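A.B. asks: fold the following.
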Amino acid sequence: MMATRGRSAAGGSMLVTLIAARLSPGDVTAASDALRGLGAVPAAVTWLDPSEAVDIPVRGGAQPALRAAVEAAVPHADVVVQPMGAERRKRLLIADMDSTMIGCECIDELADYAGLKLEVAAVTEAAMRGDLDFAGALRARVALLKGLDESVIARCLAERVRETPGGSTLLATMRKAGARAILVSGGFSAFAEPVGRALSFDRIVANRLGITNGRLDGTVGEPIVDAATKRTELLGAGVPLEETLAVGDGANDIPMLEAAGLGIAFHAKPRAAAAADAHIRHGDLSALLWAQGYARRDWEMRT
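C.D. replies: Prediction:
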């Protein structure tokens, strides 16, 4: 889906990056033709990694239109469009956790142990689409978990929580280059803290589940970590916004995606995808390294 906002650059020059498991010269031609169809002027391309990621400098055209045209022309590719000359390698990564840095929604998985997954997951989906108030929906879902044994958290971590492919390499590469990283989650600290430590985030912000006598008591700590919290964490990090990268998948990530120097939606709900500068629809989190101009030879590989 086309982004709803656009960036400007000196001289109207933009950088279009195509990322895919298999890119061909024909894909580059198709992208360049689509750009020309908008009146933009592509220049000589640079392959970051042969058949996987390529940069196309372009003069003219608005960022959202460029992105939409290339996504349509090369539908199997992820497309990142950003101003030429911007601070491409970011000094701060701020990331959502559930369905972004990990491959599940933890509250849905906890609900599964209580036999309530379908009911809770439907509310989660609506909240992530932006159809429900996030805080109210979170309180309602947590209330349904009242009485669940605290030990289920550790079981869920062991059985259900898996890091999203590419995440460890993304964190290791950016941190080696001197960047900081913040994990800010509308989920729960019981999951975010071990996930954040494993991935070497500098700061971890998440909600706290109420536990009484070894059982979930149906409450969540206040104030709730929500969309405003995520944006506040970004703005308060002390890094110039043009040097920040935000990634998330849901409606509660939109404020931080819009505020960041580069906001990337990851396998996201439509509203988040539309609000972001780019939408990674196909690849894993390593796509965020190509978006920053890191070739594979520059990656700090983690498995």
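A.B. asks: where does the stretch 101-250 of the chain have low pLDDT?
C.D. replies: Applying pLDDT under 70 to the stretch 101-250 of the chain flags no residue at all.
A.B. asks: can you pull out the helices in it?
C.D. replies: 106-113, 117-129, 134-144, 151-159, 167-176, 189-199, 227-235 (DSSP state H, counting those that start in this stretch).
A.B. asks: so for Val54, which of those sits nearest?
C.D. replies: Comparing these against Val54 with Cβ to Cβ, the closest turns out to be helix 167-176 (19.3 Å). All C-beta spots, glycine's among them, are computed from the backbone N, C-alpha and C.
A.B. asks: ok, back up a step: and the helices of the stretch 101-250 of the chain as a markdown table, adding mean neighbour count?
C.D. replies: Output for the helices of the stretch 101-250 of the chain, formatted as a markdown table (neighbours: other Cβ atoms under 10 Å):
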| stretch | mean neighbour count |
| --- | --- |
| helix 106-113 | 23 |
| helix 117-129 | 17 |
| helix 134-144 | 18 |
| helix 151-159 | 14 |
| helix 167-176 | 21 |
| helix 189-199 | 20 |
| helix 227-235 | 20 |
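A.B. asks: can you pull out the strands in the stretch 201-303 of the chain?
C.D. replies: 203-207, 209-212, 215-220, 244-248, 262-266, 278-280 (DSSP state E, counting those that start in this stretch).
A.B. asks: which strands or helices does the fourth one pack on?
C.D. replies: Of the remaining helices and strands, those touching strand 244-248 by 3 or more Cβ pairs under 8 Å, 6 or more residues apart in numbering; DSSP states H and E are strand 92-95, helix 227-235, helix 254-259, strand 262-266, helix 287-291.
A.B. asks: looking at the ones you listed, which is closest to Leu138?
C.D. replies: Among the helices and strands packed on strand 244-248, the nearest to Leu138 by Cβ to Cβ is helix 227-235 (11.7 Å).
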